[in-house]
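Student: Kindly generate the corresponding structure for this input.
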Amino acid sequence: MRLPDNRKYAPAVQRNREPILEILEQVLPSQGTILEISSGTGEHAVFFAPRLRPRIWQTSEPDVSSRESVVAWIKNSPTDNLYFPLDIDVSSTEWAVKSDRFLKLVPPINAIVNINMIHIAPWIACLGLIGGANLILPTGGILYLYGPYKQGQKHTTSSNEAFDISLRAQNPEWGVRNLEDVIAVASKENFNLLGIYNMPANNLSLVFQHQ
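Tutor: Model (predicted):
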């Protein structure tokens, strides 16, 4: 749903924002800049930023329409530690090195948050996200991923299986990813898995630390 001022509304945000915030408060560094990859509507950003002070929350979004929504949400609920979205496409690791835009951020990025993207993007976006995070994050930096996952190549619930079928019908390159595959990619890119948390609606929070 889109509101009159370009704000989009995602009903799932109302259900998952509090549980996600609970995890973020536990695992994020106590200060620094958090880069949100694929900010979507922008609703998560305006909810998290004021509650995660003194951290800076830097949004990003590759889709023009969604980026307009992020801007509209920030204008509607401004806070001094919430920044307008960067145009970042993680379909390759080039996003992390093609400019000095991240070097300009003060304080520097020490955490990356990605919510509900990996399953509605080609697998190459997952590879680019984690590969880019390896280039950007300092030792000890945190990578947080949220979404549905298969485990042992099998769906954990019938609803996740139906969701996966629906996604692949929209785009054969989309789909619920296998948890072990994502962990393997992260390990290859110098991330250790710190924890897996059960979340609402059969989703998981994955927390990695950069080595």
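Student: Tell me which residues of the longest helix belonging to the chain come out buried.
Tutor: If you go by DSSP state H, the chain has its longest helix at helix 11-27. By 16 or more other Cβ atoms under 10 Å, the buried positions in helix 11-27 come out as 13, 16-17, 19-20, 23-24, 27. No exception for glycine: its C-beta is placed from N, CA and C like everyone else's.
Student: Can you give me the distance of the nearest residue to G32 once chain neighbours are set aside to Y146?
Tutor: Counting by Cβ to Cβ, 6 or more residues apart in numbering, G32 lies nearest to N110, which is 3.8 Å off, once chain neighbours are set aside. Distance from N110 to Y146, counting by Cβ to Cβ, to the nearest Å: 19 Å.
Student: What of T33?
Tutor: For T33, the distance to Y146 - Cβ to Cβ - is 19 Å.
Student: Across the sheet, point out what pairs with the most centrally placed residue in the chain.
Tutor: Computing the C-alpha centroid of the chain and ranking residues by Cα atoms, centre = their mean puts N114 first, at 0.9 Å. N114 has these beta-bridge partners by DSSP bridges: I37, L145.
Student: Tell me where the model's unsure across this protein.
Tutor: 1-4, 98-100, 103 (pLDDT under 70).
Student: Break down it into its helices, ranges please.
Tutor: Using DSSP H, the helices of the chain run over 11-27, 43-51, 64-76, 123-136, 158-170, 179-188.
Student: Need those in CSV (columns: distance to L86).
Tutor: Listed next are the helices of the chain as CSV, based on distance: least, Cβ to Cβ, whole Å:
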stretch, distance to L86
helix 11-27, 20
helix 43-51, 12
helix 64-76, 9
helix 123-136, 12
helix 158-170, 26
helix 179-188, 23
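Student: between these, which gets nearest to E94?
Tutor: helix 123-136 (8.0 Å; Cβ to Cβ).
Student: Now that closest one - C-alpha only, CSV.
Tutor: C-alpha atoms of helix 123-136 as CSV (Å, rounded to 0.1, in the frame of the first residue of the first chain):
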residue,chain,number,x,y,z
TRP,A,123,21.2,-15.6,-5.3
ILE,A,124,23.9,-13.3,-6.7
ALA,A,125,22.5,-10.5,-4.5
CYS,A,126,23.2,-12.7,-1.4
LEU,A,127,26.8,-13.3,-2.7
GLY,A,128,27.3,-9.6,-3.3
LEU,A,129,25.8,-8.5,0.0
ILE,A,130,28.1,-10.8,2.0
GLY,A,131,31.1,-10.2,-0.2
GLY,A,132,30.7,-6.5,0.1
ALA,A,133,30.3,-6.7,3.8
ASN,A,134,33.6,-8.5,4.0
LEU,A,135,35.2,-5.5,2.2
ILE,A,136,33.5,-2.8,4.4
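Student: related to what we said a few turns ago, farthest pair within the buried residues of helix 11-27?
Tutor: Most distant of those, by Cβ to Cβ, are V13 and V27, 19.8 Å apart.
Student: D5 is nearest to which of the helices of the chain?
Tutor: The nearest among the helices of the chain, by Cβ to Cβ, is helix 64-76 at 5.0 Å.
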